[in-house]
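**Q** how would this look folded up:
(one chain, ligands or ions: 2)
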Amino acid sequence: MATKSLRELYVDELKDLYSAESQLVKALPKMAKAASSEELRQGFEAHLEQTKEQVQRLEEIFELLDESPKGKKCVGMEGLVKEGAEAMEEDFQDTVLDAALIGAAQRVEHYEIAAYGTVCEFATVLGEKDHLSLLEQTLEEEKETDEKLTELAKDINAQANEGQSIENDNEKDISTGKRKTSRRAA
Ligand code: FE
Ligand code: FE
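**A** Ligands and ions are numbered 1, 2, ... in the order given. Next comes the predicted model:
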């Protein structure tokens, strides 16, 4: 007979989020290091600090529950982090890699927005008001981060596309024998 309750599902999902956030604390410094855009790098670093606070909020909830936050691995986040790492291995131009990093980061934020949205609803029906205010703060931060990334993407995607046209100009230069301009200077 099935026995697990909504409260148990709620705790499982919180553990999943604890794992997800902990994985991000390790991944975000690598993404910051890989970013060429100063603004993007600073954005990743700022979200790393936020993410550490989000881990603490989850720890606070587990203290209230008198349970350990450990015991689950978020395979969803593991996959998303792997995809980000794959992008870093590709031979992308600097700004194109930035565009790829933003895409990976936004997948992460959307995943978190979905997960925190779910646990906020669970906390509401379970009457966990103290948890809810903590979870809502994090949900708001994830949404803000996603919006900031969308803003950054506008400039960076345009730059990445310009880099492509400079690359094409360089090819023309080869055919006319003119001196090639540096791709990195773009
Ligand atoms: Fe987070
Ligand atoms: Fe986040």
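**Q** Contacts for stretch 113-133 next, please.
**A** Stretch 113-133 is contacted by residues 6-7, 9-10, 13-14, 16-17, 20, 61, 64, 135-136, 138-139, 142-143, 146 when judged by CB atoms under 8 Å, 6 or more residues apart in numbering. For glycine as for every other residue, the C-beta is placed from the backbone atoms N, C-alpha and C.
**Q** from those, which would you call buried?
**A** 10, 13-14, 16-17, 20, 61, 135, 138-139, 142-143, 146 (16 or more other CB atoms under 10 Å).
**Q** what's the burial count for residue 65?
**A** Residue 65: 15 surrounding residues under other CB atoms under 10 Å.
**Q** I figured it hits residue 10, correct?
**A** No - Residue 65 is beyond contact range of residue 10, at 9.4 Å (criterion: CB atoms under 8 Å).
**Q** returning to what we had before: the contacts of stretch 113-133 also near ligand 2: which ones?
**A** Restricting the contacts of stretch 113-133 to those near ligand 2 by CB under 5 Å from the ion leaves residue 142.
**Q** Of the contacts of stretch 113-133, which belong to strands?
**A** Here DSSP state E is the test, and the contacts of stretch 113-133 give no hits in strands at all.
**Q** Which helix or strand contains residue 92?
**A** For residue 92, there is no enclosing helix or strand under DSSP states H and E.
**Q** Now do the contacts for it.
**A** Contacts of residue 92 by CB under 8 Å, 6+ apart are residue 100.
**Q** Now do it, the pLDDT please.
**A** Note on residue 92: pLDDT of 96.
**Q** What about it? Give its phi and psi, please.
**A** phi -80, psi 150 (degrees, to the nearest 10).
**Q** Please report how far it lies from residue 101.
**A** Relative to residue 101, residue 92 is positioned 9 Å away (CB to CB, to the nearest Å).
**Q** same check, this time on residue 78
**A** The spacing between residue 78 and residue 101, counted by CB to CB, is 18 Å.
**Q** Give me the more crowded residue out of the two.
**A** Neighbour count, other CB under 10 Å: between residue 78 and residue 101, residue 101 has more, with 28 against 14.
**Q** Show me the strands in this protein, by range?
**A** Remark: no strands are assigned in the chain by DSSP E.
**Q** ok, which residues in it are in contact with ligand 1?
**A** Residues of the chain lying close to ligand 1 by CB under 5 Å from the ion are 21, 51, 54, 112.
**Q** Tell me, how many residues neighbour the first one?
**A** Under the neighbour criterion other CB under 10 Å, residue 21 is assigned a count of 24.
**Q** Surely it and residue 54 touch.
**A** Yes - between residue 21 and residue 54 there is a contact at 5.2 Å, judged by CB under 8 Å.
**Q** Understood, closing this out.
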